[in-house]
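**Student:** Okay, sequence plus prediction incoming.
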Amino acid sequence: MKAFGIAQTILCASTVASALFAPTPTTPHEGHEHVARRRTDKRWYHDDDHPVRRLFVRQDGGNTAEYGTPEWAHAYPTGTPTPDQIPQDWLDALKAAQDAGKIPDFPPTTVQNDNPVYPEGSDPNGPEICSSYYKCRADGTLWDAPEGKFGVGFDDGPYDGTTKLMDFLSEQQQAATHFIIGLYITYYPDEFKRIFDSGDDIAVHTYTHPHMSSLSNEDLVAQFGWTLQIISDATGGRIPRYWRPPYGDSDNRVFAIAKEVFGLEAILWNQDTEDWSLTTGGTTMQAINSSMHDWLTGPKSPGLIVLEHELSLDSVQAFMDAYPVMKENNWDLVSVVDFGSYDHVYQNSDDNTADVTSTSILAPYETGSASASDAE
């Protein structure tokens, strides 16, 4: 099949390191430990002078490679992006944000026994760091749904459970948000295309699912940038507005780079099914069903944002089993991005079928802001 509206962006594919189509990956979750359509009074766009406008500029023409083929996949890293695969424009945008004092300056974590650990003497819950892994809720991050509402969303697609999930969502006419791992689009291009063609909402879940707080500023830029790049290329130039940190692992430094360099707003969760561990024996369907029953029959304030995955047939089945209970208890089920600060899931388009707006380039950084506080 031909690429569905693939856009030519600032990055020329010929400048990116090529590699053969990689084998199907294993689950990224070994050792995983998680901690009304849209309102019209919110804005969906960046100011024209925000730097994200020049990072993924849609131009006429477009990539002629056939979407989903090895040739198409050659334009993207086949694993964790290396320093030489970070476009200079992305690094320039990072430097501009740093020079403007927008990026906090404290050391990354080290990952010990699958847990991010800050240097001795640091307070993960203090105002400087405010680590979401340690349940600190930073300003501008979303954790709770409004009263009576259930935010429908799934991490780690496209993957083995995507087809089953999309079949069910289609049958139920249920909208959802998919937090996408960028690399997986190269492995599951048909599944990603189905998500997009369905009209479901696309959000960012990084390129290779690392502990984000453990990365350097430059490596964070690579994780965000390449995920946005491949999503933009595969959706006719659309740039997602929202992201979710793998393992719930972010902090003020990571959030700032996401927001100030790429215009991304974070969505976390207030309940966790741990369904990612169904295939490894970390939990059971019975345990998930029991937790879901307790949450769904309990208080409706705050509303629910439950962490769920499309990793496996079992994780999808757990959602399907809970779906009737959601309905029976009169939850208002909506795509989780509907609770965000902006009116549309993309920074430069109303939805999956509307026109993609043109973008200005080379605007000065200091006059722009991606802060959710700009929302009206």
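**Tutor:** The structure has been received and is ready for your questions.
**Student:** After the lowest-mean-pLDDT helix or strand in the chain, which helix or strand is next?
**Tutor:** Considering only helices and strands, the least confidently modelled element of the chain by mean pLDDT, DSSP states H and E is helix 52-55, at a mean of 55. Per DSSP states H and E, helix 52-55 leads on to helix 70-73 as the next helix or strand towards the C-terminus.
**Student:** send the alpha carbons of that next one over as CSV?
**Tutor:** Taking Å, rounded to 0.1, in the frame of the first residue of the first chain, the C-alpha atoms of helix 70-73 are listed here in CSV:
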residue,chain,number,x,y,z
PRO,A,70,11.9,-1.8,4.6
GLU,A,71,12.7,1.2,2.4
TRP,A,72,10.3,3.4,4.2
ALA,A,73,11.6,2.2,7.6
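**Student:** Any buried residues in whatever helix or strand comes next after that helix, and which?
**Tutor:** Along the chain past helix 70-73, the next helix or strand (assigned with DSSP H and E) turns out to be helix 88-99. Judged by neighbour count (16 or more other C-beta atoms under 10 Å), helix 88-99 contains these buried residues: D89, W90, L91, A93, L94, A96, A97, Q98. For every residue, glycine as well, the C-beta is placed using N, CA and C.
**Student:** how close does the last one sit to H309?
**Tutor:** As judged by C-beta to C-beta, to the nearest Å, Q98 and H309 stand 34 Å apart.
**Student:** Kindly report the same for the fourth one.
**Tutor:** Counting by C-beta to C-beta, the gap from A93 to H309 is 31 Å.
**Student:** Same check on the third one?
**Tutor:** In this view, L91 and H309 are 32 Å apart by C-beta to C-beta.
**Student:** Check whether E128 really touches F106, as I assumed.
**Tutor:** Yes - the pair formed by E128 and F106 meets the contact definition of C-beta atoms under 8 Å, at 6.3 Å.
**Student:** can you map out the strands along this protein?
**Tutor:** Along the chain, the segments classed as strands by DSSP state E run 110-112, 115-117, 149-157, 177-180, 201-204, 242-243, 265-266, 271-272, 304-307, 332-335.
**Student:** okay, those strands in JSON lines with mean pLDDT next?
**Tutor:** Formatted as JSON lines, those follow (pLDDT from 0 to 100):
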{"stretch": "strand 110-112", "mean pLDDT": "98"}
{"stretch": "strand 115-117", "mean pLDDT": "98"}
{"stretch": "strand 149-157", "mean pLDDT": "99"}
{"stretch": "strand 177-180", "mean pLDDT": "99"}
{"stretch": "strand 201-204", "mean pLDDT": "98"}
{"stretch": "strand 242-243", "mean pLDDT": "98"}
{"stretch": "strand 265-266", "mean pLDDT": "98"}
{"stretch": "strand 271-272", "mean pLDDT": "98"}
{"stretch": "strand 304-307", "mean pLDDT": "99"}
{"stretch": "strand 332-335", "mean pLDDT": "99"}
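**Student:** Identify whichever of the ones you listed lies nearest to T235.
**Tutor:** Between T235 and the strands of the chain, the shortest gap by C-beta to C-beta is with strand 201-204, which sits at 6.6 Å.
**Student:** Give me the contact list for the closest one.
**Tutor:** By C-beta atoms under 8 Å, 6 or more residues apart in numbering, the surrounding residues in contact with strand 201-204 are 153, 175-180, 182, 195-196, 224, 227-228, 231, 235, 238, 240-244, 264, 267, 335, 337, 345-346, 352.
**Student:** list the buried ones in that strand?
**Tutor:** If you call a residue buried by 16+ other C-beta under 10 Å, then strand 201-204 has these buried ones: D201, I202, A203, V204.
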